[in-house]
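In: Sequence plus predicted model, see below.
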Amino acid sequence: MHIKEHPILAFKRGRRVEFFFDGKKMWGYEGEPIAAALHANGVRVLRRSIKLNRPRGFYCAIGNCSSCLMKVNGEPNVRVCVERLEEGMVVGTQMAKGDLSRAKANPISSSGGGSGIRKTDIAVIGGGPAGLSAAISANQMGAKVTLLDRNSRIGGQLIKQTHMFFGSEKQYAFIRGIDIADILADKLDKEMTDVMLNATVLGYYREDGVLGVEENNRFTKIKPERIIVATGASEKVLAFPNNDLPGIYGAGAAQTLMNEHGVVPGNNVLMVGAGNIGLIVSYQLMQAGINVKAIIEAASKIGGYWVHASKVRRLGVPIYTSYTVKKADGRESLERVTIWQLDKNWQPLKGTEIDLNVDVMCIAVGLSPLAELLWQAGCQMKYIPELGGHTPLRGEDMQTTVKGIYVAGDVAGVEEASSAMVEGSLAGLCAAKSLGYDNGRFKELREEAINELMNLRSGPVSEGMRKGLEQLI
Amino acid sequence: MISNKDHENTIVCRCEDITLKEIRDLIKEGFKTVDEIKRISRCGMGPCQGRTCRQIVMGEIARTTGKDVSELRLSTFRAPTKNIKIGILAEAAEG
Amino acid sequence: MIEKTGVPTPQDLWKVFPPKERLEKGPVAIIECFQRIPCDPCYTACKKEAIQEFEDINDLPQIDFEICNGCGLCISRCPGLCIFIVDQTYSETGVLIKLPFEFLPLPEKGEEVDALNRKGEVVGKTKVVKVQNGRYEDKTPVISILVPKELSMEVRNIRLRKNND
Ligand SMILES: Cc1cc2nc3c(=O)[nH]c(=O)nc-3n(C[C@H](O)[C@H](O)[C@H](O)COP(=O)(O)OP(=O)(O)OC[C@H]3O[C@@H](n4cnc5c(N)ncnc54)[C@H](O)[C@@H]3O)c2cc1C
Ligand code: SF4
Ligand code: SF4
Ligand code: FES
Ligand code: FES
């Protein structure tokens, strides 16, 4: 079902077009992801898995996980969570592996390749709050920037955040995430920053310092003097019986589906994880008119901010702490989840099982830095659970152990948009300065950013973060 | 309380269809690094490049070996970060 | 307990409730913010400077009930949606509560709706007195409702009837 009315969002949709799914005629909006159109038509099973023939739907909704491969216009292995719907498209359930020999017939990729190498002062990878802030401050110093994002819209996580942000005025507190994305995009110096959308950085070739980029199905190369990696984070998964049933989605994926594409993920939801993401997405599901049956949390305490927890409690959503998923059930897609209680040693307690009839389960058990590019580049990484997993070592100026490669935002340790923005500014300033650019205010701005970061991280909710960061800098 | 059957229905690697039972069996057989498990089972070699399953595999190894995840050796990463349509790369090679 | 349930205990609440004498004098803000988090827009929202400047952004908000006039401008500026106005002097029969409500459909003035407590349980019914949904509220509408006095420290949300059946 498409969302008709939303308290915060107005959805801009393309015209209504016809398409075909396994021979059936369906309607969708031109330009929405195929998976969203199918979901709105009640189709949640997108493919059969390659060996075990299990039904699969989408999981991440942003092109990360490959759970959603389908056959589109005869071409197999298309990620339908990002591929856009066109009139008359023929979409089919993919059985097992998909016939690769036909992939060459892909009409999109034959539209001419760019073999020339683009040069730029600084390549910023990722257009979330960190990347945007990096570009803005690098521009301020006088450096030219190429800003790349694989999404069709700029803003990263912000474009799904319908709630008001915390922080102080400087970090746009009380403004909604979606509006912060617009504010930052407006601040970009259009003369100094070349924005490339639908552009995925595929790899970093260490030998010649070149980035390989797929832009709108074409391959191009970029040779920057400095690189700022601001790729954000990806959602963690959970292992339990039938964890791959369609209807079990990353919380961020459900949020993308409903807040970016305007399609409801289902009718009754179980949220797994009471961190900020679990709490906020639960609230947003309720705003979209979807019933959240419960939020469960394996830890004995709510991890997110209490104000967010109180918000969902006032709506009548129960929060069960010390509970985890025992198993999921359903024939073709999710129908029921069994949860059970954990004792002090995290061992499940027999007899505490509760069955919940839900058609959606959202997994919000944390994020981990999306750091493949940093690994490729040979940056030194350290495993720091407080920051989400393997995180790059870096100096105070956000430079990694590889000279010329900087990091900012969630990829440098999963935190918040407020700190991501400040880290971005800092990385932008320092990368520009290292190339000799300075508008005369470098020292002052750098100091300001460092102080701001310290302030943000000074509270008790940032204790883990502080401990983690100490190991990195 | 959780049976073998349950582990057969718990998917670790969605791309390559590898179950928790298979991973645990491999660890029991002595494959104790992410790389070894990857080479023998293809777990982590699917189109998502292990983004989805790596963390579970690391957790399983850590649990059985009694090590901290931070002590585990990680597999190497090679470009590309996303599997792309063959046509695009072929064309880039030609052009 | 709030760290396990998301619901403040009476002990938590006593710490932030205005004294009885102040409640009897007219509208006042009740800030149900119990955790030190990096956040301060309530301070910047209050033009009367009833909320003390934050020395550290993680501080808990400190409100001076004598300066606060219950204008309610802070309600839609709080990302935690945890500020409420209570006016025990509103009328003989009931207490006026102003609360944030970010859902559709919005209630209409005069509409009878369910009154919910901090756990989302229905504790009575109430009448909507006013709906503020202008530019200032910026999609965080502020709803004024009338409740019996004994529920004025209980009711913190509403639910529309037509949604319920
Ligand atoms: C539900 C939810 C609620 C939140 N609420 C708050 C809040 O109230 N306050 C707060 O401060 N923070 C909040 N956050 C956290 C905040 O959104 C993130 O910390 C912040 O967005 C991180 O910014 P970033 O720029 O590092 O990453 P992102 O915003 O994730 O941006 C990364 C960008 O990089 C792009 N990218 C990744 N890989 C590639 C590649 N290889 N090539 C090209 N592009 C690539 C992605 O498409 C994306 O656009 C919330 C997060 C979630 C999920
Ligand atoms: S109700 Fe008005 S005076 Fe009182 S704290 Fe809020 S903004 Fe200030
Ligand atoms: S704005 Fe709201 S959540 Fe933030 S400190 Fe003030 S009362 Fe607490
Ligand atoms: S890649 Fe499409 S759902 Fe993850
Ligand atoms: S889930 Fe294992 S490689 Fe993709």
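Out: Sure, I can see it. Numbers count the residues shown, from 1 in each chain, chains lettered A, B, ... in the order given. Ligands and ions are numbered 1, 2, ... in the order given.

In: longest single strand anywhere in chain C?
Out: For chain C, the strand with the greatest residue count under DSSP state E is strand C:122-132.

In: does any part of it sit near chain A?
Out: No: judged by Cβ under 8 Å from any Cβ of the partner chain, strand C:122-132 and chain A are separated, with a smallest distance of 8.8 Å. From N, CA and C alone the C-beta is placed, and that goes for glycine too.

In: Quickly run through the sheet partners of that strand, with directions.
Out: The partner list of strand C:122-132 in its sheet, established with DSSP bridges, is strand C:112-116 (antiparallel), strand C:142-147 (antiparallel).

In: For residue 95, give me its contacts.
Out: Just going to use chain A. A:R47, A:R48 (Cβ atoms under 8 Å, 6 or more residues apart in numbering or on different chains).

In: Can you look at chain C instead?
Out: So C:V95 contacts C:V86, C:D87, C:Q88, C:L146, C:V147, C:P148, C:K149, C:L151, C:S152 (Cβ under 8 Å, 6+ apart).

In: let's see it at 7 Å
Out: For C:V95, the contacting residues are C:V86, C:D87, C:Q88, C:V147, C:K149, C:S152, by Cβ atoms under 7 Å, 6 or more residues apart in numbering or on different chains.

In: now do A:P241
Out: Contacts of A:P241 by Cβ under 7 Å, 6+ apart are A:K327, A:A328, B:D6, B:N9, B:T10.

In: So the last one sits against B:I18, correct?
Out: No: assessed by Cβ atoms under 7 Å, B:T10 is found out of contact with B:I18, at 10.2 Å.

In: Which parts of chain C are helices?
Out: Assigned by DSSP state H, chain C shows helices spanning C:2-5, C:10-16, C:20-23, C:41-45.

In: Switch the ones you listed over to TSV; also include mean pLDDT and distance to ligand 3.
Out: Formatted as TSV, the helices of chain C follow (pLDDT from 0 to 100; distance: least, Cβ to the nearest ligand atom, whole Å):
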stretch	mean pLDDT	distance to ligand 3
helix C:2-5	96	13
helix C:10-16	96	10
helix C:20-23	96	18
helix C:41-45	95	3
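
In: So which residue is smack in the middle of chain C?
Out: C:F84 (1.3 Å; Cα atoms, centre = their mean).

In: Make sure that residue is actually in contact with C:I30.
Out: Yes: C:F84 sits in contact with C:I30 when judged by Cβ under 7 Å, with a separation of 5.1 Å.

In: Give the burial count for the nearest residue to A:Y323 once chain neighbours are set aside, as a bare number.
Out: Counting by Cβ to Cβ, 6 or more residues apart in numbering or on different chains, A:Y323 lies nearest to A:I296, which is 4.1 Å off, once chain neighbours are set aside. A:I296 sits with 26 neighbouring residues when counted by other Cβ atoms under 10 Å in any protein chain shown.

In: From ligand 4, how far out is A:I296?
Out: 23 Å (Cβ to the nearest ligand atom, to the nearest Å).

In: that older thread, with distance to A:F20 and mean neighbour count as extra columns, can I get the strands paired with strand C:122-132 in a markdown table?
Out: Output for the strands paired with strand C:122-132, formatted as a markdown table (distance: least, Cβ to Cβ, whole Å; neighbours: other Cβ atoms under 10 Å in any protein chain shown):
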| stretch | distance to A:F20 | mean neighbour count |
| --- | --- | --- |
| strand C:112-116 | 45 | 20 |
| strand C:142-147 | 46 | 22 |
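
In: got TSV for those strands, with distance to ligand 4 too?
Out: TSV is the format used below for those (distance: least, Cβ to the nearest ligand atom, whole Å):
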stretch	distance to ligand 4
strand C:112-116	36
strand C:142-147	38
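
In: nearest to ligand 1, of those strands?
Out: Set against ligand 1 and scored by Cβ to the nearest ligand atom, those come closest in strand C:142-147, at 20.8 Å.

In: where exactly do the strands run in chain B?
Out: Going by DSSP E, chain B shows strands at B:11-13, B:18-19.

In: quick one: contacts of the strand or helix carrying A:V213?
Out: According to DSSP states H and E, A:V213 maps onto strand A:210-215. For strand A:210-215, the surrounding residues in contact (Cβ under 7 Å, 6+ apart) are A:117, A:123, A:148, A:196, A:198-205, A:219-224, B:79-80, B:84, B:88.

In: Out of the residues you listed, just show me the ones up against ligand 1, please.
Out: Here is what survives when the contacts of strand A:210-215 are matched to ligand 1 using Cβ under 6 Å from any ligand atom: A:L148, A:T200, A:V201.

In: just checking, A:Q399 touches A:Y406?
Out: Yes: with contacts counted by Cβ under 7 Å, A:Q399 reaches A:Y406, the gap being 5.2 Å.

In: Which residue of these two possesses the greater neighbour count?
Out: A:Y406 (30 against 22).

In: who touches the one residue in the stretch 1-150 of chain A that gets nearest to chain C in this structure?
Out: The minimum distance from the stretch 1-150 of chain A to chain C, using Cβ to the nearest Cβ, falls at A:P7 (4.8 Å). Counting by Cβ under 7 Å, 6+ apart, A:P7 makes contact with A:Q287, C:E102, C:F103, C:L104, C:K139.

In: List the residues that contact the third one.
Out: Pointing back at C:F103 there. Counting by Cβ under 7 Å, 6+ apart, C:F103 has contacts A:P7, A:Q287.

In: What score does it have for pLDDT?
Out: The model reports C:F103 with a pLDDT of 97.

In: Quick check: residues of the stretch 351-473 of chain A near chain B?
Out: A:S368, A:E372, A:L373, A:W375, A:Q376, A:Y383, A:G389 (Cβ under 7 Å from any Cβ of the partner chain).
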